[in-house]
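# Below are the sequence and a predicted model; questions follow.
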Amino acid sequence: MAGRYFEEFSVGQTVKTVGRTISEDAIFSFAGLTGDYNQIHTDAAFASKTQFGQRIAHGLLGLSIATGLIMQTGLLEGTVLAFREINEWKFVKPFFIGDTAHVVMTVTETKALPRIGGGSLISSIEVLNQNDEVCQKGTLNLLVLSKPKE
């Protein structure tokens, strides 16, 4: 198992992920998957007349990319039990086609839950663009396996 166990996380631990560039293809794939073809995402002429001046990525696409980037760190590979909660999530700024998102995750609380064989890992999440501007932020609560008894 490559991932860390619950006991290997500590409050204050911070991880910065690699980046991922948000493509037009990603936006259209997400629209197809969800059925959300809102013109602000899919119609360049329409979006050019909005306050953004161009198409923007779906907010939930940004959140989905963020969770994928966290998983790509390998920290939770094989040890995460469940995605328990998203709290106080804010969509601060949009992601545009060509922006590169990365995540800064800071562990803010750990709580052992012996009955499930693990614990709750609460982390503050910032999803930033290539200019280190916060585009989304909030808190994720994950259930993570405890280290096996030897």
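Right, received. Where do you want to start?

# Have a look at this structure and report its longest helix.
Longest helix in the chain by number of residues (criterion: DSSP state H): helix 59-72.

# model confidence over that helix, on average?
The pLDDT scores in helix 59-72 average 97.

# Could you identify the helix or strand that succeeds it?
Remark: after helix 59-72, the chain's next helix or strand is strand 80-91, criterion DSSP states H and E.

# Run the chain-centre distance for that next one.
9 Å (C-alpha atoms, centre = their mean, to the nearest Å).

# How about residues contacting it?
3, 59, 62-63, 67, 71, 116, 118, 120, 135-145 (C-beta atoms under 8 Å, 6 or more residues apart in numbering). Glycine gets a C-beta too; all of them are placed from N, C-alpha and C.

# if we go to 7 Å?
3, 59, 116, 118, 120, 136-145 (C-beta atoms under 7 Å, 6 or more residues apart in numbering).

# Buried ones only from the residues you listed, please, as a ChimeraX command.
In ChimeraX syntax, the buried subset of those is picked out as below (16 or more other C-beta atoms under 10 Å):
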select :3,59,118,120,136,137,138,140,141,142,143,144,145
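
# Go through the contacts of strand 80-91 and flag which are in helices.
Reading helices off those with DSSP H, I get G59.
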